[in-house]
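A.B. asks: Here is a sequence together with a model predicted from it:
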Amino acid sequence: MQTDVLALVRSPLMESRNAGSFLRLVLAEAALYGMPPQVLATLDDLASLLGHVRPLAANQVAALAGPLCVWRSTPGQPVIERVAELEALALKQRALLAFGGAAPGHMVGTAEIVVAAGNLMQGTIPSEYLEVYHWAAADVLGTLKDVAPEKVWADRAWSPLVADDDVLRPGGRLHPTYVEIATGIRRNVIAAMEQQEEHPRNHLRPLARAFLKGHARVRAAAEREGHAEVVARLDQAMEDIRTMYPGLCEDHDTA
């Protein structure tokens, strides 16, 4: 699967005409070409420390950086062969969701649903779960093969046909099931990152401390010289760093 240039141009992240949003669009595209999610999240956090973008919430960073979730029908069930293009698409969609560049209504990407549920055996899950899986798989196959999802439905002879509104629209027939699936995936991914050394914010904490100290020195000088705009920008940057690293301002060496 290659980069869809038209999709990049039409992305809300591109249309915002903001340099930070464009950076995030590039990071999401890098996931398609093999950038590990921990690296992607670390680079985004670094951009936040530099003041290019507002930081993601801690749970969003964990959901962005965590491993892909794979469900099983039974605990000892072997996992099917991994598909590199599918996983790359899942990570790209995950990044676009985190950065605000995904299609409206999506809580997790369709590829991430396929990765999570693709190992489940038919007959072991409720029928509505299978319908959401077919809906997600049709979107994914359409993207990977560059065909309309309707053609995938016809070729696979899946029934009944599931429309986007059935899944994504509040009040849709399958919307509660979709919310349950998406919530389960996100919870599993976030839980996998708890207390992990690979968490991006564990790596960048010393750098954040150095930035906070440096900003404090520059702010004091800017305030003495009456540069109100610089002071305001530094105040915002320091607030963002403290939001990313609660308690950092209380560390003994931040003064």
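C.D. replies: Arrived safely. Just so it is clear, the structure is predicted and the values come from calculations on it, not from any experiment.
A.B. asks: Could you double-check that M121 lies in contact with S73?
C.D. replies: Yes. Using C-beta atoms under 8 Å, M121 makes contact with S73 at a distance of 4.5 Å. From N, CA and C alone the C-beta is placed, and that goes for glycine too.
A.B. asks: now A237, nearest residue through space, not along the chain?
C.D. replies: G51 (4.9 Å; C-beta to C-beta, 6 or more residues apart in numbering).
A.B. asks: what about E87, neighbour count?
C.D. replies: 17 (other C-beta atoms under 10 Å).
A.B. asks: That should have said P170, apologies.
C.D. replies: With other C-beta under 10 Å as criterion, P170 counts 8.
A.B. asks: And it, how close does it get to P126?
C.D. replies: Here the criterion is C-beta to C-beta, to the nearest Å. By it, P170 lies 20 Å from P126.
A.B. asks: One more: A221?
C.D. replies: Counting by C-beta to C-beta, the gap from A221 to P126 is 63 Å.
A.B. asks: what do you get for L50?
C.D. replies: L50 is 47 Å from P126, by C-beta to C-beta.
A.B. asks: Check P12 too.
C.D. replies: For P12, the distance to P126 - C-beta to C-beta - is 34 Å.
A.B. asks: element containing K92, please.
C.D. replies: helix 84-99 (DSSP states H and E).
A.B. asks: which residues touch that helix?
C.D. replies: 1, 11, 13, 21, 24-25, 27-29, 31-35, 37, 40, 44, 56, 60, 63-64, 68, 102, 106-112, 114-115, 140, 143-144 (C-beta atoms under 8 Å, 6 or more residues apart in numbering).
A.B. asks: Also stretch 136-154?
C.D. replies: By C-beta under 8 Å, 6+ apart, stretch 136-154 touches 1, 85-86, 89, 110-111, 113-114, 117-118, 134, 156, 158, 161-162.
A.B. asks: how about low-confidence regions in the stretch 1-150 of the chain?
C.D. replies: 1-6, 15-16, 80-81 (pLDDT under 70).
A.B. asks: For it, which segments count as helices?
C.D. replies: 5-10, 12-15, 19-32, 37-49, 58-65, 84-99, 110-117, 127-145, 149-156 (DSSP state H, counting those that start in this stretch).
A.B. asks: Using CSV, lay out those together with distance to M193.
C.D. replies: Formatted as CSV, these follow (distance: least, C-beta to C-beta, whole Å):
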stretch, distance to M193
helix 5-10, 28
helix 12-15, 24
helix 19-32, 16
helix 37-49, 9
helix 58-65, 4
helix 84-99, 13
helix 110-117, 15
helix 127-145, 23
helix 149-156, 32
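A.B. asks: so which of the ones you listed is the most packed in?
C.D. replies: helix 110-117 (a mean of 25; mean count of other C-beta atoms under 10 Å).
A.B. asks: Can you name the residues in contact with that helix?
C.D. replies: Contacts of helix 110-117 (C-beta under 8 Å, 6+ apart): 68-71, 86-87, 89-90, 93-94, 125, 129, 132-133, 135-137, 139-140, 143, 181-182, 185, 188.
A.B. asks: Mind doing that once more with 6 Å?
C.D. replies: Contacts to helix 110-117, defined as C-beta atoms under 6 Å, 6 or more residues apart in numbering, come from residues 68-69, 71, 86, 89-90, 93, 133, 136-137, 139-140, 185.
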